[in-house]
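Q: sequence-free structure coming up:
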């Protein structure tokens, strides 16, 4: 593994930096909400949850370590949604001895075509620590409502107090293409969801009287550029959706694009699609508008499933360090607009996964670059109970900056330089100097998110720390012990940020 230390910066930075005028740091908006410390959370594909979590006899300690790192940073564990496309292909069989059986139409498919699971499946919910889970139910199941309600009951009995909410169905605004006839309407969906959630509610209240069942919903993917269904979340409620008020959190899905044969070259996608603040703003604009339109419901607004590029990602785009930089900017833009939580989707051998949990298809367990982006975002949030994050406007597509407040006190700054720099590029590494107007001659610690280049698969560190599986099974290992500090001069704090890297500046 190639290491990348602070001591090497002098060799990598250009002799001539690009300077910009000092940046005013805006205050949080009056209506901004405190940041949830579990903001960086996860979604795991239903079919592959046992691979990520293991079972009681063989728990996946690697996954537990990676999730536990967030508690060390923020004081709380992430929440985990267990769902995705395969939840609507999963049927529960109480007499099945195996925890899960996966049936693939073709061995090379990313996902199985059918999943059968039994009681042992629920062992996986007790291997990762005191994490709260969102459990996915199969809405596509029509042959036996008893099988649906039995699955919900065994979930409440097995998961117990760690069961946060249920989710019934995944991305059913595409039901007419995937599950139902072509004339299946939004009204049909409303009536089906209302009927089935009522059955689940009644069964769970009888079996688990101490649990008040609720749902994350509607779990639509609303990619406004491609959605041809005509369904809208706003219209749902006009059609009589959720009359029993079973929804506890609004959940929508989000991707920046999709893996498709017509995609341009990887390097172009990395810079123009992901490492591009303007594109991130454009991508999230519809979600932000939707959150405002549905605010009258009083529910937290979450992205219950998201990642960079749909269809499990793209090699050379979503599995490299540039994706980690995208993740930082995307997450901070979302939290600055009052999103409650982001559940980054994971799956075995998925090309955007934050980690590979087991040996599969020749791939060894590994911590992938996106994980480091999540660690940086969690570090920006930290332990503060009253953190607020605000965007600092910059002029170019390939850069972003944010301020983190603890109450009314400026506590941290983030700068993301997304100009592409490849690991194989010869010569010095260009850098950008960012100057922030701050109060007085304060002092700060600098932690850098960096790798040899935006195309790097390994050699990633944050704050000089590696979380690689090969070092200590996902636990933090200090690679560079040097600490970098800065001091403001005349109320201006300046920090150099090499191309394809990011910094977190924390005042002390």
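A: That came through, no problem. Nothing here was measured: the structure is a model prediction, and the numbers come from that model.
Q: Adjacent strands (with direction) for the longest strand along the chain?
A: If you go by DSSP state E, the chain has its longest strand at strand 247-258. When pairing is defined by DSSP bridges, strand 247-258 lines up against strand 215-221 (parallel), strand 301-310 (parallel).
Q: Now these in CSV, please, with extra columns for mean neighbour count, mean pLDDT and distance to residue 492.
A: Glycine gets a C-beta too; all of them are placed from N, C-alpha and C. Output for these, formatted as CSV (neighbours: other C-beta atoms under 10 Å; pLDDT from 0 to 100; distance: least, C-beta to C-beta, whole Å):
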stretch, mean neighbour count, mean pLDDT, distance to residue 492
strand 215-221, 25, 96, 44
strand 301-310, 26, 97, 35
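Q: how does this protein divide up, domain by domain?
A: 6-28+388-507, 40-170+250-384 (automatic domain parsing).
Q: for the protein, what's the longest helix?
A: Using DSSP state H to define each element, the chain has its longest helix at helix 186-207.
Q: buried set for it?
A: If you call a residue buried by 16 or more other C-beta atoms under 10 Å, then helix 186-207 has these buried ones: 186, 188-190, 192-194, 196-197, 200-201, 203-204.
Q: Do a quick rundown of the strands in the stretch 1-150 of the chain.
A: 40-45, 80-83, 90-92, 100-103, 114-117, 133-137 (DSSP state E, counting those that start in this stretch).
Q: The ones you listed: which one's closest to residue 268?
A: With C-beta to C-beta as the measure, strand 40-45 is the member of the strands of the stretch 1-150 of the chain nearest residue 268 (27.9 Å).
Q: report the angle between the axes of the closest one and strand 247-258?
A: Strand 40-45 runs at 80 degrees relative to strand 247-258, counting by axes from the mean of the first three to the mean of the last three C-alpha atoms, to 10 degrees.
Q: quick check: mean pLDDT across strand 40-45?
A: Across strand 40-45, pLDDT averages out at 98.
Q: Mind putting the strands paired with strand 247-258 into a markdown table with distance to residue 105?
A: Below are these laid out as a markdown table (distance: least, C-beta to C-beta, whole Å):
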| stretch | distance to residue 105 |
| --- | --- |
| strand 215-221 | 22 |
| strand 301-310 | 20 |
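Q: closest to residue 150 out of those?
A: Closest to residue 150 of those is strand 215-221 (C-beta to C-beta; 17.6 Å).
Q: relative to strand 133-137, how tilted is the closest one?
A: Going by the same axes, to 10 degrees, strand 215-221 makes 70 degrees with strand 133-137.
Q: what residue ranges in the stretch 1-150 of the chain score low on pLDDT?
A: Across the stretch 1-150 of the chain, the ranges flagged by pLDDT under 70 are 1-20.
Q: rerun that using 80 as the cut-off
A: 1-21, 143 (pLDDT under 80).
Q: ok, the residue nearest the centre of the chain to residue 368 distance?
A: Nearest residue to the geometric centre of the chain (C-alpha atoms, centre = their mean): residue 344, 2.4 Å. Plainly put, residue 344 is 11 Å away from residue 368 if you go by C-beta to C-beta, to the nearest Å.
Q: Can you pull the residues that touch both of the two?
A: Here residue 344 and residue 368 have residue 354 as joint contacts, going by C-beta atoms under 8 Å, 6 or more residues apart in numbering.
Q: quick revisit: in JSON lines: the strands of the stretch 1-150 of the chain, plus distance to residue 477 and mean neighbour count.
A: JSON lines is the format used below for those (distance: least, C-beta to C-beta, whole Å; neighbours: other C-beta atoms under 10 Å):
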{"stretch": "strand 40-45", "distance to residue 477": "20", "mean neighbour count": "26"}
{"stretch": "strand 80-83", "distance to residue 477": "24", "mean neighbour count": "28"}
{"stretch": "strand 90-92", "distance to residue 477": "37", "mean neighbour count": "22"}
{"stretch": "strand 100-103", "distance to residue 477": "33", "mean neighbour count": "16"}
{"stretch": "strand 114-117", "distance to residue 477": "36", "mean neighbour count": "19"}
{"stretch": "strand 133-137", "distance to residue 477": "29", "mean neighbour count": "26"}
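Q: Check which residues of stretch 32-52 are buried.
A: For stretch 32-52, burial by neighbour count (16+ other C-beta under 10 Å) applies to 32, 34-52.
Q: Correction: the previous question concerned stretch 159-170.
A: For stretch 159-170, burial by neighbour count (16+ other C-beta under 10 Å) applies to 159, 162-170.
Q: What of stretch 73-89?
A: Applying 16+ other C-beta under 10 Å to stretch 73-89 flags 73-74, 76-89 as buried.
Q: Which one of these is nearest to residue 477?
A: The closest of the buried residues of stretch 73-89 to residue 477 turns out to be residue 73 (C-beta to C-beta; 15.2 Å).
Q: Excluding sequence neighbours, find me the nearest residue to the closest one.
A: Leaving aside its chain neighbours, residue 73 sits nearest to residue 378 (4.6 Å; criterion: C-beta to C-beta, 6 or more residues apart in numbering).
Q: Name the SS class of the one you found, please.
A: Following DSSP: H, G, I helix; E, B strand; the rest coil, residue 378 is assigned to helix.
Q: ok, it to residue 42 distance?
A: Computed as C-beta to C-beta, the residue 378 to residue 42 distance reads 12 Å.
Q: Helices along this protein, start to end?
A: Under DSSP H, the chain gives helices at 9-12, 49-53, 61-74, 145-159, 175-178, 186-207, 233-238, 266-269, 277-293, 321-336, 369-381, 469-472.
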